[in-house]
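> quick one, fold the following:
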Amino acid sequence: MNSYKDVLNIIRLHERFLVTTHHNPDADAVASALSLGLYLKSLGKKVHVLNEDACPQWLKFLPATAMFKKASCVRRADHDAVIILDCGDLQRVGPEVKEFMREGRPVVVIDHHVTNERFGDVNVVKPKASSTCELIFDLFKEAKYPLNRNVAILLYAGIMTDTGSFRFENTTAYCHAVAEELLAFKFSASRMYDRLYTGIPVGDMKKFTDTIHEARLLDNNRVFCVALSRKTVDGFSKSFDLKEKLFSFLRSIEGIEVAVILTELNPQEVRVNLRSQNHFDVARLAQDFDGGGHQKAAGCKICGSLQQAQKIIAKAIHERLKEI
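Next up, the predicted model:
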């Protein structure tokens, strides 16, 4: 296992950096990439913060999101080093980002996923951390980087969301201590919560309830499965984080062991997002399909139609439930 000193040594030795994270980025991915990008810029480094996808619309209120670029929209540029955040394996950065990576350039990986493959030249992987933003906070402490309000807002957003607003099991005394230090920069935690979690646009309300109505309860009501076609997803406004709202709703249902959201990417490929409530290890399940994540939150892709993927994942969950 490498240390923050190893990361800082790479930063000291190089001038041009590619900072990236997993495709379909969540708040922890976006916030950790942007905060690290701001740090590198403060050192006078040249930085490209790139992703396979654009910054999600619902996160555009965060500071410095203009830095977060979709790789296919950026002209090719060379880099001295690559820093990959919140990403368990190299494939998850996506093919467009990989086009920017050059053979022989050092790769730094900073992540908190238990399934991380340690694919970098320098790997700082700490599964007990609440979030990658928590790790970036520790990196900044090691670097003696004086935090500012924008960086504090970004780091707090990543920690808040990856802990489910400090409700999940990865919420620790330490991440509360980090949050306390970040809140000293006088931003509103309640306003951030409202921006990240609450509010369903009126136009999306009926579509959301229709989507819930069409979901399936499986395995004696222990599994809740939602299948989203491209048409369904495209029917919601871009500012509406459909998956987060679905998972928030599903977690409130008594007796649910596993919540599953299947999203059609194309007629023969489906993204599967998994959440567990109790003892079911969704990371272990996701690994069976070349995915990964945490015990309580993981994801993978399945080749096939939406209907086929639903049958495949339902059968796999059923078999594992028998072991519990």
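
> low-scoring pLDDT stretches of this protein, where are they?
1, 199 (pLDDT under 70).

> break it into its domains for me.
Using automatic domain parsing, the domain ranges for the chain come out as 4-196, 202-321.

> JSON lines please, covering these and showing mean neighbour count.
To be clear about C-beta, it is placed using only N, CA and C from the backbone, and glycine gets the same treatment. Conversion of the domains of the chain to JSON lines gives the following (neighbours: other CB atoms under 10 Å):
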{"stretch": "domain 4-196", "mean neighbour count": "19"}
{"stretch": "domain 202-321", "mean neighbour count": "17"}
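
> what segments of this structure are helices?
For the chain, the helices defined by DSSP state H cover 4-13, 27-42, 95-98, 132-143, 149-162, 173-183, 189-196, 202-214, 230-234, 242-251, 282-287, 306-321.

> who touches the last one?
Around helix 306-321, the neighbours that count as contacts under CB atoms under 8 Å, 6 or more residues apart in numbering are 216, 218-219, 222-223, 225, 227-229, 257-258, 260, 262, 264, 270, 272, 280-281, 284-285, 288-289, 302, 304.

> contacts only, for Leu13.
By CB under 8 Å, 6+ apart, no residues touch Leu13.

> separation between it and Leu40?
According to CB to CB, to the nearest Å, Leu13 stands 13 Å off from Leu40.

> what sits against Pro25?
Counting by CB under 8 Å, 6+ apart, Pro25 makes contact with Ala33, Asn51, Asp53, Cys55, Pro56, Asp86.

> how close does Glu142 sit to Ile83?
For Glu142, the distance to Ile83 - CB to CB - is 15 Å.

> ugh, typo on my part, it should be Phe119
With CB to CB as the criterion, Phe119 and Ile83 are 13 Å apart.

> pull up the overlap in contacts between those two.
Residues touching both Phe119 and Ile83 (CB under 8 Å, 6+ apart): Val107.

> now do the contacts for the spatially closest residue to Leu183 that is not a sequence neighbour.
Nearest in space to Leu183, with sequence neighbours left out and distances taken as CB to CB, 6 or more residues apart in numbering, is Ala189 at 6.2 Å. Contact partners of Ala189, counting by CB under 8 Å, 6+ apart, are Tyr156, Met160, Leu183.

> with those in mind, which one is nearest to Tyr193?
Set against Tyr193, the nearest of those by CB to CB is Met160 (7.2 Å).

> which residues are in contact with that closest one?
Taking CB under 8 Å, 6+ apart, we find Met160 in contact with Ala27, Phe166, Ala179, Ala189, Met192, Tyr193, Leu196.

> repeat that for Lys41.
By CB under 8 Å, 6+ apart, Lys41 lies in contact with Val47.

> same thing with Leu196?
By CB under 8 Å, 6+ apart, the residues touching Leu196 are Ala27, Trp58, Ala157, Met160, Thr161.

> what do you get if the cut-off is 7 Å, keeping everything else the same?
Ala27, Ala157, Met160, Thr161 (CB atoms under 7 Å, 6 or more residues apart in numbering).

> and if you look at Pro201?
The contact partners of Pro201, by CB under 7 Å, 6+ apart, come to Ser237, Phe240.

> ok, 10 Å please
Contact analysis of Pro201 by CB atoms under 10 Å, 6 or more residues apart in numbering lists Lys207, Phe208, Phe236, Ser237, Ser239, Phe240.

> switch those over to CSV; also include distance to Lys98.
As requested, the contacts of Pro201 are exported to CSV (distance: CB to CB, whole Å):
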residue, distance to Lys98
Lys207, 35
Phe208, 35
Phe236, 30
Ser237, 31
Ser239, 29
Phe240, 30
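
> sorry, back to before: go through the contacts of helix 306-321 and flag which are in strands.
By the criterion of DSSP state E, membership of these in strands covers 216, 218, 223, 225, 227-228, 258, 260, 262, 264, 270, 272, 302.

> quick one, what contacts the residue nearest to Leu262 when sequence neighbours are not counted?
Nearest non-adjacent residue to Leu262, counting by CB to CB, 6+ apart: Ala227, 4.7 Å away. Applying CB under 10 Å, 6+ apart to Ala227 gives the contacts 211, 214-216, 260-264, 270, 306-307, 309-310.

> any idea how far His23 is from Ala227?
Noted for Ala227: a distance of 21 Å to His23, by CB to CB.

> same deal with Thr115?
Distance from Thr115 to His23, by CB to CB: 16 Å.

> one more: Arg149?
Between Arg149 and His23 the computed distance is 29 Å (CB to CB).
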